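Engineer: model the following, please.
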Amino acid sequence: MTEASQNTQPSTSARDNTNRRNETQSGIEMDVQTGETVSRITAQDVHIHNYQRSNAVPVIPPSPVMTPEEAIRRVMENNRNHIEGALDVIDKHNVDLSQIPVVHPLIENTWFFGGEAALADEEYNPSTFNRYVQANIRFDQLLEQRHEFKRMAIIGYPGSGKTTCSRRLAENGSLYCFHLKFMDMNYTEKLTLQQLLIDNQHPELTREVCDLAFRWILDNQEQCVFIFDGYDQVRWSITNAPPKCRITDKLEVSVIVGNLFQKRFLQHSMVIFTSRPHSLVSLHKSVWPDLTVHLWEFSYDDMKRLFRAFAGHRAEDIWNTLESSAPQLIGICHNPLMLQYTIMACLNPSRHVGDIITITRVFSTVLENLAHSEYSKADNNIYEIRDQLSVIAYKATSEKKVVISHEDLLTQDLDIKKVQDLVIVTPGYKGIGSRIFEGELKVYFTHQCTQEYLTAWYIKYHMGVEEFSEFCQNKLFTGHWSTVRRFLCGLLVDDQTTTHRTGGLSAADIARKRQVLLEKLIPQTTMNTDDLQNPGHYQIVNHNVRERFTLFKSQLGDVRECNNDYVTEQAVREFPAHLIFTGIRFTTSEAFALGYVMKKVRKTITRLELHTCYLTSDQFRHIADGIKAMPGSIETLILISNTLAFNAVDAICGILPKITKYFKMWEAFIDDDQEPADLYGDDISRVQDALDAIPNTNLKIYTSRDRILQKQNTSTST
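Structural biologist: Okay, here's the model as predicted:
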């Protein structure tokens, strides 16, 4: 069924009778209460009202010159002009936007309302830099889903590229894609559907063009895709089932959007909206999307293409330096905003690119950039603003919030103008019609990591020593504070992190706090495995063991962020003999941190289990580099059920001299169809040759469940 505008208003008796049908002049039978039609409308049958420029509803006859086809062409041209624009950070640094390649996001289907991705509304969760999804999809493939699904939600965390994705979708040339921003949908007055979708989006177009374009939309719904960006940027929400309405009714924006989501309006079109996950939690069941996809940033190849485009003629030099000395930064570059921040830091003329080797140094250098940039919008000293914002950031993180209010800024004598280099401002809520900069405002930091960096800044420079000791003892080493702890390691322990501060504690107090952190940090890398239950049975790992090794893995990242020889040596001295990572996923940063510490391990590791860790070849190479360089050895290595490409065979051959008893790696690879695979053919021969080259080894290599390789070119089946 399709919707139509009505030339006549229904009688009072018709309005009162919920079961009565009313026939319009065009022969369309419509339920007066619900507005549902039971036959299709044509362009010749309907006249469209002018809703924006007059309270009256005059009948507008079709123009003898303008046609609906010409009108929709003008609207789409205007729509393309609206979505053209630059990225929020890089465009200020002389990047030719026309040269930025189109890349496609990594996504996965998510049973969001089954609890897979749900977060408490606006609740803080530590940034993880995790990127686990392996498959990407083109924008046209997303739009092809309209044949099966009419309502799609694209969710993603801050900085994951949701807005860019929505713009790319709207640039599709084979469909009529309308790009609308939720943050612009804050009107005092009630609106009609045409006003929301056409009139108010294109005020520069004439009344006739808007009317005829809307007429075309009604008659060609199957070709229309409406893309709404940033549901998390409005304070109103659809927590109740939207009332049934007619498209001619003037309604609150939430009701119009609810009827679009519910497919009462324009039911043959496709509706896509983007949001951070937490904002979807409160959606009423009746408006749940048919399909929810989680945006997981960019693939390695696409990220590298963007990196080269943004970094320009210095791309090769910066990339090679990061790859050799700070590959964990390449890991976070899969996030579009973090990619820009990293490049901005590396392009800083006052810092050598080789110095940018930790996440903390990236953020500190970006702030240095802002302090000296002609593009900085703040009139005040950025360093003073950082100190003031750090107080607010610490309070928000403590209260598990990611949103701060204008009132929070006022407590530190700040306003939107002063902080706009570091925050994103969105409209708050004081009635449906509230506009931006009127009434309450919602303020997010430019990235959640910005909030966490500023929180760590407050802890270093403003939290008292005694309070800090208690904080370390009771809070800092919990999961909630994990990313803050990472930044604190960089700020408090790494002597080469360049910071400029305007006040706070004395140098002596900061030195005392550093000692407190080190005393707490070093024991956290100790893993007593004497009480592990059956460490040889890698198929079964109890929850307690998994939690402990997950924390240990995170602590290795803290050690790397410290960039301190003393801290690293202490971690090496206390390195556990059993490492049980079964079922624990790794990020690139974490794999690099494990390899970074293992390079210096002198003891014999009894067992290293990397079973079902979903390791990629890049991640495994970082770990293998550590194993190959370590002075000690490993008795048993388990690499079963991972996602290595066959190009990882070189890294496998390189570590064989360090393994003394067993190496099990069946189904450690994936084939071209992304299915689990064993080594075969020439790769088996390469591993056998590498094994034969090791003198006096008793190593047994399980390349599959029924094949064992041993020295002297012997192969035994079991």
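Engineer: need the longest strand for the protein.
Structural biologist: In the chain, with assignment by DSSP state E, the single longest strand is strand 291-298.
Engineer: what helices or strands is that one leaning on?
Structural biologist: In terms of contacts (3 or more CB pairs under 8 Å, 6 or more residues apart in numbering; DSSP states H and E), strand 291-298 is packed against strand 105-109, strand 151-155. No exception for glycine: its C-beta is placed from N, CA and C like everyone else's.
Engineer: okay, now the sheet partners of that strand, with direction.
Structural biologist: Strand 291-298 has its sheet partners listed here by DSSP bridges as strand 105-109 (antiparallel), strand 151-155 (parallel).
Engineer: if we can go back for a sec, least confident of the helices and strands packed on strand 291-298, on average?
Structural biologist: Ranked by mean pLDDT, these end with strand 105-109 in last place, scoring a mean of 59.
Engineer: next secondary structure after that strand?
Structural biologist: Using DSSP states H and E, the helix or strand that directly follows strand 105-109 along the chain is helix 139-144.
Engineer: CA atoms only: put that following helix into CSV for me.
Structural biologist: Extracted as CSV, the C-alpha positions of helix 139-144 are listed here (Å, rounded to 0.1, in the frame of the first residue of the first chain):
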residue,chain,number,x,y,z
PHE,A,139,28.0,0.3,-0.5
ASP,A,140,26.0,-1.0,-3.4
GLN,A,141,25.7,-4.4,-1.7
LEU,A,142,24.2,-2.7,1.3
LEU,A,143,21.6,-1.0,-0.8
GLU,A,144,20.8,-4.3,-2.6
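Engineer: return the set of buried residues in that helix.
Structural biologist: Neighbour counts over helix 139-144 (16 or more other CB atoms under 10 Å) mark 139, 142-143 as buried.
Engineer: check which helices and strands that helix sits against.
Structural biologist: helix 162-170.
Engineer: so who does Asp683 touch?
Structural biologist: By CB atoms under 8 Å, 6 or more residues apart in numbering, the contact list for Asp683 reads 646, 649.
Engineer: repeat that for 10 Å
Structural biologist: Residues counted as contacts of Asp683 (CB atoms under 10 Å, 6 or more residues apart in numbering) are 646-650, 652-653, 669, 703.
Engineer: rewinding a little: for the record, mean pLDDT for the longest strand of the chain?
Structural biologist: Per-residue scores along strand 291-298 average to 75.
Engineer: again with stretch 248-268
Structural biologist: Mean predicted confidence for stretch 248-268 is 92.
Engineer: chain center to that stretch: distance?
Structural biologist: 29 Å (CA atoms, centre = their mean, to the nearest Å).
Engineer: ends of that stretch, what's the gap?
Structural biologist: 18 Å (CA to CA, to the nearest Å).
Engineer: please apply the same query to stretch 584-593.
Structural biologist: 15 Å.
Engineer: try stretch 246-263
Structural biologist: End-to-end distance (CA to CA), stretch 246-263: 12 Å.
Engineer: please apply the same query to stretch 583-591.
Structural biologist: End residues of stretch 583-591 are separated by 14 Å (CA to CA).
Engineer: same deal with stretch 641-657?
Structural biologist: End residues of stretch 641-657 are separated by 22 Å (CA to CA).
Engineer: how about stretch 642-662?
Structural biologist: End to end - CA to CA - stretch 642-662 spans 17 Å.
Engineer: closest one of the buried residues of helix 139-144 to Glu171?
Structural biologist: Phe139 (8.0 Å; CB to CB).
Engineer: in terms of contact, does that closest one touch Gly161 like I think?
Structural biologist: No - in this structure Phe139 lies outside contact range of Gly161 using CB atoms under 10 Å: 11.7 Å.
Engineer: what's the neighbour count on the nearest residue to Asp509 once chain neighbours are set aside?
Structural biologist: Distances taken as CB to CB, 6 or more residues apart in numbering place Val465 nearest to Asp509, at 5.4 Å, with adjacent residues excluded. Residues lying near Val465 (other CB atoms under 10 Å) number 15.
Engineer: could you check the pLDDT of Val465?
Structural biologist: 94.
Engineer: can I get the buried residues of helix 139-144 in CSV with distance to Ile659 and pLDDT?
Structural biologist: Shown next, in CSV, are those (distance: CB to CB, whole Å; pLDDT from 0 to 100):
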residue, distance to Ile659, pLDDT
Phe139, 45, 72
Leu142, 45, 80
Leu143, 49, 84
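Engineer: name the helices or strands packed onto the lengthiest helix in the chain?
Structural biologist: Identified as the longest helix of the chain according to DSSP state H is helix 543-562. Contact here means 3 or more CB pairs under 10 Å, 6 or more residues apart in numbering; DSSP states H and E; on that basis helix 543-562 packs against helix 327-332, helix 359-372, helix 482-492, helix 507-524, helix 565-573, strand 578-580, helix 588-598.
Engineer: recalculate using a threshold of 7 Å.
Structural biologist: helix 482-492, helix 565-573, strand 578-580, helix 588-598 (3 or more CB pairs under 7 Å, 6 or more residues apart in numbering; DSSP states H and E).
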